[in-house]
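K.L.:
I'll drop the sequence and a predicted model, then ask my questions.
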Amino acid sequence: MTNKKDKYSAPQQALGYMYQPRYALHRILMLPEDTTCLLEADDDIDYNDPVEGKLLASLKHKAPGDKLTDLSPDFWKSVRIWATFAIANPNTISDTSFFLFTTGEIQIGSFLSNFLAGNDERKPPDELTETAMDVISKSDAKLLKSIHAQLTSMGARLLEELFSKITIFDCQERIDDIPSKIMALMRAVRPQHRKPVFERLEGWWNDQCVNLMTGKRSDPLLGSEVSEMLAHISEQFRDDNLPLDFFDAEPEEGVDPERDNRIFVHQLREIGLRSDRIRRAILDYYRAYEQRSSWARENITITGEVERYDDRLVDEWQRLREVVCEELEDESPEEILCQAGRKIYTDLSSGLNPNLRIRPQVTESYVTVGSYHILANEPSPRVYWHPQFLNRIQNILEEEKK
């Protein structure tokens with residue numbers, strides 16, 4: 001039977017894992033750009049700053065209202081990690097800081113208040129160490145007894161240096177509060193764009209964290225790298241640009257050029273396109289459709305902008321069609337009609353015409369070509385490739401119903 005404690009411990013543990021990369025992103029944006037960051041190395045987060053030295057950070061995302069007392073395992077487990085590092089690296093501990101970031105609050109009267117950031121009344125290292133060892137020695141818990149034994153083996157000098165380097169930051173931002181803190185740092189980004197910029201930055205950051213922890217990436221994360229990515233994403237939200245998120249996306253159900261019966265696919269078959277080109281067209285349609293939906297959800301495009309863009313595409317199609325089909329007749333051979341259709345389609349798919357871009361810097365071809373397929377897929381297609389396709393569409397639709 002699941003008790004109340006079990007019911008809430010699992011979500012809190014999961015939040016703790018998700019809290020780690022999000023909090024790491026927040027902190028690295030506040031640190032110098034030459035700061036490096038590792039996750040799950042010597043601690044939850046391992047920062048290195050050429051000026052400040054090494055910083056080992058333990059993160060604790062606790063349930064609302066949680067308090068840290070003298071014998072809180074959260075504190076002493078972190079001390080065990082830091083002590084292990086100090087024993088292995090006694091000559092570098094003077095250049096190392098140990099931080100505990102917790103959403104919990106230090107209980108009034110706890111000796112842990114000595115470690116709080118900004119506390120000017122902290123005890124001297126020898127007194128602080130003596131108090132800490134006295135506190136932990138009173139516990140009968142197996143975990144704390146083992147930590148006490150480890151600390152005792154360290155020697156007075158190293159132990160005092162360890163405790164003198166510990167700082168606790170309590171009442172830290174909870175996981176759902178951090179996005180607004182990060183977005184507040186994006187002064188160069190327009191307020192209406194900060195949320196989608198944050199979401200893309202965090203998505204990139206999470207991918208890098210996964211690569212780091214799985215070994216696909218060997219180099220630590222760098223503060224300047226984060227700044228560069230933030231600038232790159234922000235540039236996509238300028239007046240002459242738009243974010244592009246689906247250049248390699250594929251539909252979950254896959255692509256089947258032979259069995260796809262949508263109108264725009266029929267159109268491509270009518271002009272004799274090969275299966276590989278039809279497959280590419282299906283991908284372009286999917287990516288353009290998803291991209292437009294994303295822009296609409298995030299209110300990135302201006303009201304009516306996509307509709308005006310479609311009108312421009314139709315106008316450019318009409319101009320080209322008038323030139324290509326000028327000398328064609330209703331009785332022209334089928335192969336000539338197909339060649340004309342392929343020319344219109346190919347010319348509009350080349351991406352060379354700047355008039356076919358929704359904004360000047362949006363150069364991904366799937367946006368333009370996929371948009372044409374969307375227009376070609378309407379029940380009464382606004383664009384078509386085969387010169388006589390409109391005369392044939394009714395027969396195609398009737399065949400589908402059979």
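P.N.:
Yep, that arrived. Numbers count the residues shown, from 1 in each chain.
K.L.:
any idea how far the residue nearest to Asn299 when sequence neighbours are not counted lies from Glu298?
P.N.:
Leaving aside its chain neighbours, Asn299 sits nearest to Gln192 (7.0 Å; criterion: Cβ to Cβ, 6 or more residues apart in numbering). Bear in mind the C-beta positions are built from the backbone N, C-alpha and C, glycine included. Going from Gln192 to Glu298 by Cβ to Cβ, to the nearest Å gives 9 Å.
K.L.:
and if you look at Cys171?
P.N.:
In this view, Cys171 and Glu298 are 32 Å apart by Cβ to Cβ.
K.L.:
more neighbours: those two, which one.
P.N.:
Glu298 (15 against 11; other Cβ atoms under 10 Å).
K.L.:
tell me the contacts of that one?
P.N.:
195-196 (Cβ atoms under 8 Å, 6 or more residues apart in numbering).
K.L.:
residue with max distance from the center of this structure?
P.N.:
Most distant residue from the mean C-alpha position of the chain: Glu331, 56.2 Å away (Cα atoms, centre = their mean).
K.L.:
for that one, grab phi and psi.
P.N.:
With angles defined as degrees, to the nearest 10, Glu331 sits at phi -90, psi 10.
K.L.:
looks to me like Leu100 is in a strand.
P.N.:
Yes - the assignment for Leu100 by DSSP: H, G, I helix; E, B strand; the rest coil puts it in a strand.
K.L.:
neighbours of it, how many?
P.N.:
With other Cβ under 10 Å as criterion, Leu100 counts 28.
K.L.:
that one against Phe75, yeah?
P.N.:
Yes - counting by Cβ atoms under 8 Å, Leu100 sits close enough to Phe75 to count as a contact (6.5 Å).
K.L.:
what sits in contact with each of these two?
P.N.:
In contact with both Leu100 and Phe75: Ile168, using Cβ under 8 Å, 6+ apart.
K.L.:
surely Met183 touches Phe198?
P.N.:
Yes - Met183 is in contact with Phe198 according to Cβ under 8 Å; the separation is 5.2 Å.
K.L.:
neighbour-wise, which of the two wins?
P.N.:
The neighbour comparison of Met183 against Phe198 (other Cβ under 10 Å) goes to Phe198, with 21 against 17.
K.L.:
OK, contacts around the more buried one?
P.N.:
Neighbouring residues of Phe198 by Cβ under 8 Å, 6+ apart: 179, 182-183, 186.
K.L.:
recalculate using a threshold of 7 Å.
P.N.:
179, 182-183 (Cβ atoms under 7 Å, 6 or more residues apart in numbering).
K.L.:
where is the longest helix in the protein?
P.N.:
helix 4-30 (DSSP state H).
K.L.:
distance from the chain centre to it, please.
P.N.:
Centroid displacement of helix 4-30 relative to its chain, using Cα atoms, centre = their mean, to the nearest Å, is 16 Å.
K.L.:
same question for stretch 127-140.
P.N.:
43 Å.
K.L.:
does the residue nearest the centre of the chain count as helix, strand or coil?
P.N.:
Central residue of the chain (Cα atoms, centre = their mean): Gly203, 0.7 Å from the mean position. Per three-state DSSP, the local secondary structure of Gly203 is helix.
K.L.:
thinking again about what came up before, who are the packing partners of the longest helix of the chain?
P.N.:
Here helix 4-30 is seen to pack against strand 36-39, strand 53-60, helix 178-184, helix 194-214, helix 223-235 when contacts are counted using 3 or more Cβ pairs under 7 Å, 6 or more residues apart in numbering; DSSP states H and E.
K.L.:
now the ones you listed as TSV including mean pLDDT and distance to Leu375?
P.N.:
Below are those laid out as TSV (pLDDT from 0 to 100; distance: least, Cβ to Cβ, whole Å):
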stretch	mean pLDDT	distance to Leu375
strand 36-39	95	46
strand 53-60	94	50
helix 178-184	96	36
helix 194-214	96	26
helix 223-235	96	29
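K.L.:
distance to Asp95 for those - can I get that in TSV?
P.N.:
Listed next are these as TSV, based on distance: least, Cβ to Cβ, whole Å:
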stretch	distance to Asp95
strand 36-39	15
strand 53-60	4
helix 178-184	28
helix 194-214	23
helix 223-235	19
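K.L.:
and of the ones you listed, who's closest to Arg274?
P.N.:
Arg274 sits nearest to helix 194-214 of all those, at 35.2 Å, using Cβ to Cβ.
K.L.:
so Ser139 sits in a helix?
P.N.:
No - read with three-state DSSP, Ser139 is coil and lies in no helix.
K.L.:
look at the spatially closest residue to it that is not a sequence neighbour and report its pLDDT.
P.N.:
Nearest non-adjacent residue to Ser139, counting by Cβ to Cβ, 6+ apart: Leu71, 5.3 Å away. Note on Leu71: pLDDT of 94.
K.L.:
can you tell me how far Asn114 sits from Ser380?
P.N.:
On the measure of Cβ to Cβ, Asn114 and Ser380 end up 76 Å apart.
K.L.:
which pLDDT does the model give Gln394?
P.N.:
For Gln394, the model assigns a pLDDT of 66.
K.L.:
sec struct for the closest residue in space to Glu52 that isn't next to it in sequence, please.
P.N.:
Distances taken as Cβ to Cβ, 6+ apart place Ser97 nearest to Glu52, at 7.2 Å, with adjacent residues excluded. Assigned by three-state DSSP, the conformation of Ser97 is strand.
K.L.:
isn't Ser97 up against Leu55?
P.N.:
Yes - contact criterion Cβ atoms under 7 Å: Ser97 and Leu55 qualify, at 4.8 Å.
K.L.:
and the two? Which one has more around it.
P.N.:
The neighbour count for Ser97 versus Leu55, taken as other Cβ under 10 Å, is higher for Leu55 (21 against 17).
K.L.:
need the nearest residue in space to the more buried one, chain neighbours excluded.
P.N.:
Nearest residue to Leu55, sequence neighbours excluded (Cβ to Cβ, 6+ apart): Tyr47, at 4.2 Å.
K.L.:
can you tell me which helix or strand of the chain has the lowest average pLDDT?
P.N.:
Within the chain, no helix or strand scores below helix 389-401, which has a mean of 68 by mean pLDDT, DSSP states H and E.
K.L.:
where along the stretch 51-200 of the chain do the helices fall?
P.N.:
Using DSSP state H, counting those that start in this stretch, the helices of the stretch 51-200 of the chain run over residues 73-88, 125-137, 142-152, 156-164, 178-184, 194-214.
K.L.:
cool, thanks, signing off.
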